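# Model the structure of this input:
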Amino acid sequence: MQLDYLTLLEHTIPYTYVSVLNTPESTEYYIDLTDPDDEEEFSIVLSCQYAGASVGGMNAMYTMYVNGNIAMQATKRILNYAPTAKQNSLHQSRKSPSHADRLENLIRLCSAKVISQEIEARKNHMIKSAFIN
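Modelled structure (predicted):
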């Protein structure tokens, strides 16, 4: 079931409204979808939280919630100060993407979608400033 959500999101994010909540500790993307088979609505939240820096680098924790329940969670090293031989091997690049890689890709798709939504809103003069006199 988890992989179905991942595949569904990879195909629908470019065509769906995505809202975002940024905090100093994390970024969350909110997506509401309708199941075409049974017309049931469900919400998905994709979260990226930085898990702190260590001597060797920095980790990010990616979480996917479906209707408020954790559907998938993965941690990935995003800053690695001392790359290992395993990371540089060709074998590593041929492997299928991990859950962390796929969740990271969904976060990037959401970020790009939010930026395109903002550009479109500015073109249509839909963004209002809080400082209008």
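# Contacts for stretch 108-125, please.
Applying Cβ atoms under 8 Å, 6 or more residues apart in numbering, the contact partners of stretch 108-125 are 9-10, 13-14, 16-20, 27, 29, 31, 46, 127. Heads up, the C-betas are built off the backbone N, CA and C, glycines and all.
# now stretch 16-29
30-33, 45-50, 107, 110-111, 113-114, 117.
# what's the distance between Val18 and Leu79?
Distance of Val18 to Leu79, given as Cβ to Cβ, to the nearest Å: 26 Å.
# again with His99
20 Å.
# that older thread, so for Val18 and Leu79, which sits in the more crowded spot?
Val18 (21 against 12; other Cβ atoms under 10 Å).
# Skipping adjacent residues, who's closest to that one in space?
Lys113 (4.6 Å; Cβ to Cβ, 6 or more residues apart in numbering).
# part of a strand, is the one you found?
No: Lys113: not assigned to a strand; according to DSSP: H, G, I helix; E, B strand; the rest coil it is helix.
# Break down the protein into its helices, ranges please.
Secondary structure of the chain (DSSP state H): helices at 2-12, 85-88, 90-94, 99-123.
# one step back: and the furthest pair within the contacts of stretch 108-125?
Farthest-apart pair in the contacts of stretch 108-125 is Glu10 and Ile127; separation 28.0 Å (Cβ to Cβ).
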